[in-house]
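[1] okay, structure incoming, though there's no sequence with it:
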């Protein structure tokens, strides 16, 4: 293994494209030092990593434009996901009630709570991820929850640790990130087969064909792990306060830097920062529309959702719509292209139809 500092320096020295940023910001020495200290393998001193308080969504103003599309009544939510095979919208309650809402978007939108099923959870869910068709995965302390969307029932996979993120692979193995910076591989039977350590926290995971990328909010960094390996790979600083991360079907890794007001686009194998783009207004939640190859980003300081086309190498804004207040979650029904935005403040589920977005409404 190469010296830790050499690997981290190589990560910063790799090619990247800095787009539409004037003047170009210099990387502070402290920033580079944080990445250098992160290490390239299983680190015995991960508790001593330089960290910051995790960035969060900015508080939204109350006086903004009326939301686009339609809004139906719903309790405040903090995370949402459209299950791929059913199109059902799953939403985690923003309160401490540990409740999951399952929403059928085919029901009437003018009737509050119409088509909404409620499923109590046995623990606090940290987020939502796609499982096998018809299933949702919810990481939680000491377990991974599996939700059968059609039946509105759940089962548990016991887990040793505070699970903060999860992704399913095609062979039904699970990759699980923990609050103390571990990334564990679980077999289809739920047994731990591999553990990679060395991060401060593993808050979000993004799968590409040969790698899993890990968002560490406490270090505001992205680190890649080659699938099947036991060590951390290259890592890059992810702005000033990264909050969320997704991967698209092109293998791009998309990150919101809520503190630095930027959208960051990486590639994996090797990890390279390809694009940086100023979004402003504290970008937070992310969703990708495969039908139009558009990434949608919520901006909590302005109560807006903004769409970017990433195909040209420089993100191009293709849409901007007012949202419900405190838009901390967004998801796309990939079957229809309809977009759903959830309010973490006043409640309400906003729906912006794909056809309306095409017409610019």
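    Received the coordinates, thanks. These numbers were taken from a predicted model, which means no experiment stands behind them.

[2] show me where the stretch 251-361 of the chain has its helices.
    Residue ranges of the helices in the stretch 251-361 of the chain, as given by DSSP state H, counting those that start in this stretch, are 354-359.

[3] for residue 242, what are its contacts?
    Contacts of residue 242 were listed using Cβ atoms under 8 Å, 6 or more residues apart in numbering, and they are 55, 215, 217, 220, 221, 222, 255, 256, 257, 258, 264. Any C-beta I mention is one placed from the backbone N, CA and C, and that applies to glycine too.

[4] in strands, which of these fall?
    In strands, defined here by DSSP state E, the members of these are 215, 221, 222, 255, 256, 257, 264.

[5] hey, what's the fourth one bridged with?
    Residues in a beta bridge with residue 255, per DSSP bridges, are residue 245, residue 264.

[6] burial count for it?
    Other residues lying near residue 255 total 28 when counted by other Cβ atoms under 10 Å.

[7] and if you look at the second one?
    Counted by other Cβ under 10 Å, the residues lying close to residue 221 total 26.

[8] with residue 334 as the reference, measure out to it.
    Separation of residue 221 from residue 334 (Cβ to Cβ, to the nearest Å): 29 Å.

[9] so who does the closest residue to residue 206 other than its chain neighbours touch?
    Across the structure, with Cβ to Cβ, 6 or more residues apart in numbering as the measure, the residue nearest residue 206 apart from its sequence neighbours is residue 247 (3.8 Å). Applying Cβ under 8 Å, 6+ apart, one finds that residue 247 lies in contact with 206, 207, 208, 213, 253, 254.

[10] where does the fourth one land on pLDDT?
    As predicted, residue 213 sits at a pLDDT of 98.

[11] against residue 176, how distant is residue 143?
    Applying Cβ to Cβ, one obtains 10 Å for the distance of residue 143 from residue 176.

[12] more neighbours: the two, which one.
    For residue 143 against residue 176, the residue with the higher neighbour count under other Cβ under 10 Å is residue 176, and the figures read 24 against 20.

[13] for that one, list the residues it contacts.
    The neighbours of residue 176, taking Cβ under 8 Å, 6+ apart as the test, are 139, 144, 159, 161, 163, 165, 166, 183, 184, 185, 186.

[14] so it is in which element?
    The secondary structure element spanning residue 176 is strand 174-178 (assigned by DSSP states H and E).

[15] tell me the mean pLDDT over whichever helix or strand comes after that strand?
    Later in the chain than strand 174-178, the nearest helix or strand by DSSP H and E is strand 183-186. For strand 183-186, mean pLDDT rounds to 98.

[16] contacts for strand 183-186?
    144, 157, 159, 161, 173-178, 192-196, 199, 202, 205, 212, 214, 225.

[17] now do the helix or strand that comes right after that strand and strand 174-178, the angle between them.
    If you walk from strand 183-186 toward the C-terminus, the next helix or strand you reach (DSSP H and E) is strand 192-196. Inter-element angle recorded for strand 192-196 and strand 174-178: 50 degrees (by axes from the mean of the first three to the mean of the last three Cα atoms, to 10 degrees).

[18] show me which residues of the host helix or strand of residue 138 are buried.
    If you go by DSSP H and E, residue 138 is part of strand 135-148. Counting neighbours by 16 or more other Cβ atoms under 10 Å, one finds that the buried residues in strand 135-148 are 135, 136, 137, 138, 139, 140, 143, 144, 145, 146, 147.
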